[in-house]
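pasted the sequence and its predicted model underneath.
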Amino acid sequence: MADPFLSIQHVRKSFGATTVVEDFNLDVERGEFVSFLGPSGCGKTTVLRMVAGFEEPSAGTIVVSGKDITRLKPNQRNVGMVFQAYALFPNLTVAQNIGFGLKVAGMPRADIDARVAEMLGIIKLPQMADRYPYQLSGGQQQRIALARAIAPKPKLLLLDEPLSALDAKVRVSLREEIRSIQKKLGITTIFVTHDQEEALSISDRIAVMYGGKAEQVGTPFEIYNRPATKFVANFVGTLNVLEGTVTDAAAGTVRVNSEQVSLKGKLNGSKSGDTLSLALRPEAISLGRQPGRDSSLSGEISEVHFLGSVIRVRVGIGGNTVSLDTFNSPATPPPAVGEKAEISFSSSDMLVLH
Amino acid sequence: MKSGKFWAWLVFALGAAYFFIPLIATVEFSMRMRRGEYSFDAYKVVLGDARFQATFGYSVLAAVFTIILGVLIVVPAAYWIRLRLPQLRPIVEFITLLPLVIPAIVIVFGYIRMYGSNSPLPFLATDTGTNALLVIGYATLALPYMYRAVDTGLRTIDVRTLTEAAQILGAGWGTIITRVILPNVLIAVLSGAFLTFAIVIGEFTMASLLNRPAFGPYLQNIGANRAYEPAALAIIAFAITWGCMSLIQILSRFAPKSANRPN
């Protein structure tokens, strides 16, 4: 395999006695879009700032395109960055903002003008060249910030929660635009977010971070469907967690409430009598027995929420509560609270959280 | 509600009377030089006086150098404190307030002892040296105003993010200060500059004790020996100060509008 384009190896960052990033490792291929996903304080922005050069790692190395940039100043790295707070220069017009990096690099005026026009075309704001930042909406400002970041053709694009200050509708359209521009230009991108939907929808790979470490690095499909740790399973998506007891470790059977579920091949290291946390995504559960589902549990409907196209049902199973969504069907009335109900699922969809 | 408005207007009227009556009286007195009729004779005498022109010119030049020195010291210092040393802010604010607490006469006697002709740094041995010392002293006197004006300007922009945005685009410190920070706090710097100008134009203690031909000692000298001219000079000095304040107000309308903070 060829060397990775960006390689972050054994990076650690401490502020005084507090370690915010611990032994962080990640390789990113050229043109890849990788998201750092995690809750506030997990160290994702600190890693990004170390790649940008705003923070110096306490240990470890950062290599871009074969060159060690760990100790280089931010202005020597040829990295583009988009900030959460836009950070457009208020005294400069849109065109001057986009051309700032090019002017600093000493590019001739005519070339700057041409590149600025090209960038304005890419972000679909060609008529905004002479406006000042305060005359633009938040979404427009962030698109200008993106154009400014990519105008000098950086090796790497860093996006530090660029959508979190925008309203929901603009966030969705802008994230799609960012992804499409990134694909078009083929620029290697690191995207920091605490919004799982954002990360899942636009990333090639996601690094889920917790406590200064990468808990799991994988494609959105892997992260969602095969979470490696309890934290990843809980943080990404909605999860129903059931307590179960291993009844026969060799046969892979677990008792949930009073019913047996077969989890052959998933109980690695567990002994008979061990208590396990078992997880199921709501979309993996059906109300009633369904063909192709090999496991079922009985309970009682505790809550029903009619949400229009979807009905969210909560079913009490012993001491556990399971949430699932069913599509609304005008011909079938929603289930009633207090009704006995059976839920079914495939045991292969059940996750054992370690 | 109506009685509340009445009292508010009454307080305003009393305040305005307290401010304007002495001013009007001074204007009126300054115009009574010619017996039996109002005239601008006192103003003509003052403005035609060669010493007025010389001392006023000297003080304007001193003010310009003081502003340059103040900007060179205060802008990078206030910027760096906001960016990298925020924990030093209370200490620096205290230091910048000292000129308001320590009388100018104490500072100038300190200068005379420290920089006399027999000292290792004999600033006072030459006219140029004394002029330089006067400008340094003025910059110290204006420090509380200049620092606060610049610091307030820096507070309106996101200094750290703008600095980082410029750095990541390849800019060095010189470019960041001259092309990003200074233009965005220019109005604040100008406010500090006009306040400095107003202070320097009327300053008496330092100029007098360092024996410099400045406008302040001239004002004092005229005031001690003439009748109508001091009133005219007081009005002229007042007009200059108000002119400076008006310029601050006008220029503040042209301040770049901050768009850095998302709602």
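That came in fine, so what should we check first?

apart from its chain neighbours, what residue comes closest to residue 205?
Picking chain A for this. Using C-beta to C-beta, 6 or more residues apart in numbering or on different chains and skipping residues adjacent in sequence, the residue nearest A:R205 is A:V34, 5.0 Å away. Bear in mind the C-beta positions are built from the backbone N, C-alpha and C, glycine included.

I was after chain B.
Here the residue nearest B:T205, using C-beta to C-beta, 6+ apart, is B:A104, at 4.1 Å.

same question, A:R289
Leaving aside its chain neighbours, A:R289 sits nearest to A:S344 (5.1 Å; criterion: C-beta to C-beta, 6+ apart).

before we move on, back to that, quick one, what contacts the residue nearest to A:R205?
With contact set as C-beta atoms under 8 Å, 6 or more residues apart in numbering or on different chains, A:V34 has these partners: A:26, A:28, A:189-191, A:203-207.

is B:I187 in a helix, a strand, or coil?
What DSSP: H, G, I helix; E, B strand; the rest coil gives for B:I187 is helix.

would you mind measuring from it to chain A?
B:I187 sits 11 Å away from chain A, going by C-beta to the nearest C-beta, to the nearest Å.

my guess is that residue contacts B:T152. True?
No: counting by C-beta atoms under 8 Å, B:I187 stays clear of B:T152, with 10.2 Å between them.

higher neighbour count, those two?
B:I187 (19 against 14; other C-beta atoms under 10 Å in any protein chain shown).

and the residue nearest to A:R289, how far from A:V254?
Per C-beta to C-beta, to the nearest Å, A:S344 is found 16 Å from A:V254.

pretty sure the residue nearest to A:R289 is in a helix, no?
No: per three-state DSSP, A:S344 lies outside any helix segment and is strand.

how close does it sit to A:T321?
Plainly put, A:S344 is 17 Å away from A:T321 if you go by C-beta to C-beta.

pLDDT below threshold where in the stretch 1-150 of chain A?
A:1-2 (pLDDT under 70).

what's the pLDDT at the residue nearest to B:T205?
Each residue has a pLDDT score; the one for B:A104 is 88.

next one: B:F238
For B:F238, the pLDDT comes out at 84.

if you skip the residues just before and after it, what's nearest to it?
B:L23 (7.2 Å).

now that neighbour: which helix or strand?
Per DSSP states H and E, B:L23 falls inside helix B:2-30.

ok now that helix, how far from the chain's centre?
Its chain's C-alpha centre and that of helix B:2-30 lie 26 Å apart, by C-alpha atoms, centre = their mean, to the nearest Å.

so what's the residue count around B:Y138?
Neighbours of B:Y138 under the rule other C-beta under 10 Å: 26.

where along chain B do the helices fall?
Here chain B has its helices, by DSSP state H, at B:2-30, B:41-48, B:50-83, B:89-101, B:104-114, B:127-155, B:159-168, B:173-175, B:182-202, B:205-209, B:215-225, B:229-252.

tabulate those helices in CSV, adding columns for distance to A:F327.
Formatted as CSV, these follow (distance: least, C-beta to C-beta, whole Å):
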stretch, distance to A:F327
helix B:2-30, 63
helix B:41-48, 90
helix B:50-83, 55
helix B:89-101, 59
helix B:104-114, 82
helix B:127-155, 54
helix B:159-168, 45
helix B:173-175, 59
helix B:182-202, 54
helix B:205-209, 85
helix B:215-225, 86
helix B:229-252, 60
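
can you flag the weakest of those helices by average pLDDT?
helix B:229-252 (a mean of 82).

pull out the buried positions in that one.
B:229-237, B:240-241, B:244, B:248, B:251 (16 or more other C-beta atoms under 10 Å in any protein chain shown).

just checking, what packs against that helix?
Packing contacts for helix B:229-252, counted by 3 or more C-beta pairs under 8 Å, 6 or more residues apart in numbering or on different chains; DSSP states H and E, involve helix B:2-30, helix B:41-48, helix B:182-202, helix B:215-225.

nearest to A:A214, of these?
With C-beta to C-beta as the criterion, A:A214 lies closest to helix B:182-202 of the helices and strands packed on helix B:229-252, at 38.1 Å.

which residue is the nearest non-sequential neighbour of A:S298?
A:E342 (5.2 Å).

tell me the contacts of the one you found?
Neighbours of A:E342 in contact, by C-beta under 8 Å, 6+ apart: A:287-289, A:296-299.

repeat that for 7 Å
A:288-289, A:296, A:298 (C-beta atoms under 7 Å, 6 or more residues apart in numbering or on different chains).

among the residues you listed, who's most crowded?
When neighbours are counted by other C-beta under 10 Å, A:S296 leads the contacts of A:E342 with 16 neighbours.

for the helix or strand harbouring that residue, buried residues please.
Assigned by DSSP H and E, A:S296 belongs to strand A:295-306. For strand A:295-306, the neighbour count (16+ other C-beta under 10 Å) marks A:295-297, A:299, A:301-302, A:304 as buried.

so which residue is dead centre in chain B?
When C-alpha atoms, centre = their mean is applied to chain B, the residue found nearest the centroid is B:T196 (1.7 Å).

ok, the closest residue to that one other than its chain neighbours - contacts?
With C-beta to C-beta, 6+ apart as the criterion, B:T196 has its nearest non-adjacent residue at 4.0 Å, and that residue is B:A142. Contacts for B:A142 (C-beta under 7 Å, 6+ apart) come out as B:66, B:70, B:195-196, B:199.
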